[in-house]
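Colleague: Structure of the sequence below:
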Amino acid sequence: MTDTSYLNLQSGSILFSEDGQSLISTQFKITNLTDVDIANLNHGSGTVKFLGVGSGSSTVTFQDAPSQSIKAGGVARDISLTSDLSVTGLGFTPKAVIFHYGMPTDEPMGVGMSDGSFDGAVANYDNIDPEQWDVSQTQSIMLFISPGNYTLGKIKSLDADGFTLEWAKTGSPTGTAYINYMAIG
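Modeller: So this is what the prediction gives:
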(Lines give C-alpha, C1' and ligand atoms only; values in the text may rest on other atoms or scores of the structure.)
Protein backbone atom coordinates (compact mmCIF):
# COMPACT_ATOMS: atom_id res chain seq x y z
CA MET A 1 0.00 0.00 0.00
CA THR A 2 1.31 3.45 -0.90
CA ASP A 3 1.72 6.00 1.91
CA THR A 4 -0.15 9.20 1.15
CA SER A 5 -0.07 12.83 2.18
CA TYR A 6 -3.15 15.01 2.12
CA LEU A 7 -2.87 18.71 1.30
CA ASN A 8 -5.86 20.86 2.13
CA LEU A 9 -5.70 24.06 0.10
CA GLN A 10 -7.76 27.23 0.18
CA SER A 11 -10.07 26.43 -2.75
CA GLY A 12 -9.88 22.66 -3.00
CA SER A 13 -7.67 19.72 -2.25
CA ILE A 14 -5.42 17.08 -3.74
CA LEU A 15 -4.39 13.72 -2.34
CA PHE A 16 -0.78 12.83 -3.28
CA SER A 17 1.02 9.53 -3.12
CA GLU A 18 4.54 9.22 -1.73
CA ASP A 19 6.04 9.58 -5.24
CA GLY A 20 4.19 12.86 -5.83
CA GLN A 21 1.62 11.51 -8.29
CA SER A 22 -1.92 12.81 -7.94
CA LEU A 23 -4.31 10.06 -6.82
CA ILE A 24 -7.43 12.19 -6.62
CA SER A 25 -7.71 15.69 -7.96
CA THR A 26 -10.17 18.47 -7.37
CA GLN A 27 -10.08 21.71 -9.27
CA PHE A 28 -8.82 24.56 -7.18
CA LYS A 29 -7.26 27.94 -7.56
CA ILE A 30 -4.26 29.14 -5.54
CA THR A 31 -3.75 32.86 -5.37
CA ASN A 32 -0.98 34.78 -3.62
CA LEU A 33 0.82 31.69 -2.32
CA THR A 34 3.33 32.96 0.24
CA ASP A 35 6.30 31.39 2.02
CA VAL A 36 4.08 31.03 5.09
CA ASP A 37 1.47 29.12 3.07
CA ILE A 38 4.17 26.83 1.68
CA ALA A 39 5.64 26.26 5.15
CA ASN A 40 2.18 25.31 6.44
CA LEU A 41 1.92 22.57 3.79
CA ASN A 42 4.77 20.67 5.47
CA HIS A 43 3.87 17.11 6.32
CA GLY A 44 7.06 15.14 6.90
CA SER A 45 9.65 15.25 4.17
CA GLY A 46 9.59 14.80 0.42
CA THR A 47 8.91 16.74 -2.75
CA VAL A 48 5.57 17.84 -4.17
CA LYS A 49 5.28 19.21 -7.70
CA PHE A 50 2.44 21.58 -8.46
CA LEU A 51 1.48 21.56 -12.13
CA GLY A 52 -0.26 24.46 -13.79
CA VAL A 53 0.34 27.00 -11.02
CA GLY A 54 0.64 30.37 -12.72
CA SER A 55 2.18 29.95 -16.18
CA GLY A 56 4.12 26.78 -15.47
CA SER A 57 4.90 24.39 -12.68
CA SER A 58 6.45 24.79 -9.24
CA THR A 59 8.27 22.31 -7.05
CA VAL A 60 8.22 22.57 -3.28
CA THR A 61 10.62 20.41 -1.27
CA PHE A 62 9.73 19.66 2.33
CA GLN A 63 12.33 18.85 4.98
CA ASP A 64 11.86 17.54 8.47
CA ALA A 65 12.40 20.15 11.18
CA PRO A 66 15.81 19.96 12.87
CA SER A 67 15.77 17.71 15.90
CA GLN A 68 15.66 19.30 19.34
CA SER A 69 17.82 17.82 22.07
CA ILE A 70 16.72 18.04 25.69
CA LYS A 71 18.29 16.34 28.68
CA ALA A 72 17.53 16.70 32.37
CA GLY A 73 19.78 15.67 35.20
CA GLY A 74 21.23 16.66 38.52
CA VAL A 75 24.55 17.14 40.26
CA ALA A 76 25.68 17.64 43.86
CA ARG A 77 28.04 20.50 44.69
CA ASP A 78 30.16 21.18 47.77
CA ILE A 79 29.51 24.92 48.12
CA SER A 80 32.77 25.57 49.98
CA LEU A 81 34.61 25.03 46.65
CA THR A 82 35.32 27.73 44.07
CA SER A 83 36.57 25.48 41.26
CA ASP A 84 34.59 25.17 38.03
CA LEU A 85 31.98 22.42 37.81
CA SER A 86 31.78 20.60 34.45
CA VAL A 87 28.64 18.68 33.56
CA THR A 88 29.21 16.22 30.71
CA GLY A 89 27.42 13.36 29.01
CA LEU A 90 24.61 15.34 27.37
CA GLY A 91 25.49 14.14 23.88
CA PHE A 92 24.99 17.62 22.37
CA THR A 93 26.01 21.26 22.79
CA PRO A 94 23.28 23.00 24.77
CA LYS A 95 21.89 26.35 23.63
CA ALA A 96 20.34 27.04 27.04
CA VAL A 97 20.20 25.53 30.53
CA ILE A 98 17.47 25.91 33.16
CA PHE A 99 18.32 25.25 36.83
CA HIS A 100 16.43 24.43 40.02
CA TYR A 101 18.63 24.14 43.08
CA GLY A 102 18.57 23.91 46.83
CA MET A 103 20.05 22.45 49.99
CA PRO A 104 18.23 19.78 52.02
CA THR A 105 19.29 21.02 55.47
CA ASP A 106 18.42 24.68 55.13
CA GLU A 107 16.25 27.08 53.17
CA PRO A 108 18.54 28.17 50.31
CA MET A 109 16.80 27.43 47.04
CA GLY A 110 16.07 29.05 43.70
CA VAL A 111 15.68 28.79 39.95
CA GLY A 112 17.99 30.10 37.25
CA MET A 113 18.76 29.97 33.55
CA SER A 114 21.42 30.79 31.00
CA ASP A 115 21.94 30.85 27.25
CA GLY A 116 25.70 31.27 27.65
CA SER A 117 25.62 35.05 27.37
CA PHE A 118 22.81 35.96 29.79
CA ASP A 119 22.46 34.42 33.24
CA GLY A 120 19.48 35.02 35.49
CA ALA A 121 18.16 33.66 38.79
CA VAL A 122 15.63 34.15 41.56
CA ALA A 123 16.69 32.79 44.95
CA ASN A 124 15.40 32.58 48.50
CA TYR A 125 17.21 35.18 50.64
CA ASP A 126 15.42 34.08 53.83
CA ASN A 127 18.60 33.10 55.71
CA ILE A 128 19.83 36.70 55.36
CA ASP A 129 16.57 38.66 55.51
CA PRO A 130 13.39 36.72 56.41
CA GLU A 131 10.66 36.47 53.77
CA GLN A 132 12.88 37.94 51.05
CA TRP A 133 14.01 36.82 47.58
CA ASP A 134 16.90 38.07 45.48
CA VAL A 135 16.94 38.50 41.71
CA SER A 136 20.08 38.45 39.55
CA GLN A 137 20.75 39.14 35.90
CA THR A 138 24.38 38.00 36.15
CA GLN A 139 24.16 34.66 38.01
CA SER A 140 22.35 31.36 37.32
CA ILE A 141 22.71 30.01 40.86
CA MET A 142 22.63 31.90 44.18
CA LEU A 143 22.74 30.11 47.53
CA PHE A 144 22.51 32.37 50.58
CA ILE A 145 23.57 30.46 53.73
CA SER A 146 23.89 33.17 56.36
CA PRO A 147 24.89 36.86 56.52
CA GLY A 148 28.24 37.17 54.72
CA ASN A 149 28.26 33.51 53.57
CA TYR A 150 26.95 32.68 50.13
CA THR A 151 27.95 31.07 46.84
CA LEU A 152 27.20 32.06 43.24
CA GLY A 153 27.36 30.12 39.98
CA LYS A 154 26.97 31.03 36.33
CA ILE A 155 27.57 29.41 32.97
CA LYS A 156 31.21 29.71 31.98
CA SER A 157 30.78 27.80 28.71
CA LEU A 158 28.33 25.69 26.73
CA ASP A 159 30.47 22.73 25.68
CA ALA A 160 30.28 20.05 22.97
CA ASP A 161 28.98 17.46 25.47
CA GLY A 162 27.63 19.60 28.32
CA PHE A 163 28.33 22.85 30.14
CA THR A 164 30.71 24.35 32.71
CA LEU A 165 29.65 26.40 35.72
CA GLU A 166 31.96 29.04 37.17
CA TRP A 167 31.76 29.38 40.99
CA ALA A 168 32.46 32.18 43.42
CA LYS A 169 31.89 32.45 47.13
CA THR A 170 31.81 35.10 49.80
CA GLY A 171 32.74 34.20 53.37
CA SER A 172 32.82 30.52 54.30
CA PRO A 173 29.64 28.83 53.08
CA THR A 174 29.47 25.08 53.76
CA GLY A 175 27.17 22.24 52.80
CA THR A 176 26.05 20.38 49.71
CA ALA A 177 23.78 21.92 47.10
CA TYR A 178 21.72 19.78 44.75
CA ILE A 179 21.41 21.32 41.31
CA ASN A 180 18.83 20.02 38.86
CA TYR A 181 19.15 21.12 35.26
CA MET A 182 17.39 20.91 31.92
CA ALA A 183 19.75 21.43 29.00
CA ILE A 184 18.19 22.36 25.66
CA GLY A 185 20.11 21.99 22.40
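Colleague: Summarise which helices and strands the helix or strand containing Gly112 is packed against.
Modeller: For Gly112, the host element (DSSP states H and E) is strand 109-114. Helices and strands touching strand 109-114, by 3 or more C-beta pairs under 8 Å, 6 or more residues apart in numbering; DSSP states H and E, are strand 96-102, strand 119-124, strand 141-146. Placement of C-beta: from N, CA and C, glycine included.
Colleague: is it possible to export the ones you listed to a markdown table including mean pLDDT and mean neighbour count?
Modeller: Listed next are the helices and strands packed on strand 109-114 as a markdown table, based on pLDDT from 0 to 100; neighbours: other C-beta atoms under 10 Å:
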| stretch | mean pLDDT | mean neighbour count |
| --- | --- | --- |
| strand 96-102 | 97 | 19 |
| strand 119-124 | 95 | 20 |
| strand 141-146 | 94 | 24 |
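Colleague: Minimum distance to Lys169: which of these has it?
Modeller: strand 141-146 (9.2 Å; C-beta to C-beta).
Colleague: Output the contacting helices and strands for the closest one.
Modeller: The contact analysis (3+ C-beta pairs under 8 Å, 6+ apart) places strand 141-146 against strand 96-102, strand 109-114, strand 119-124, strand 133-136, strand 149-159, strand 176-184.
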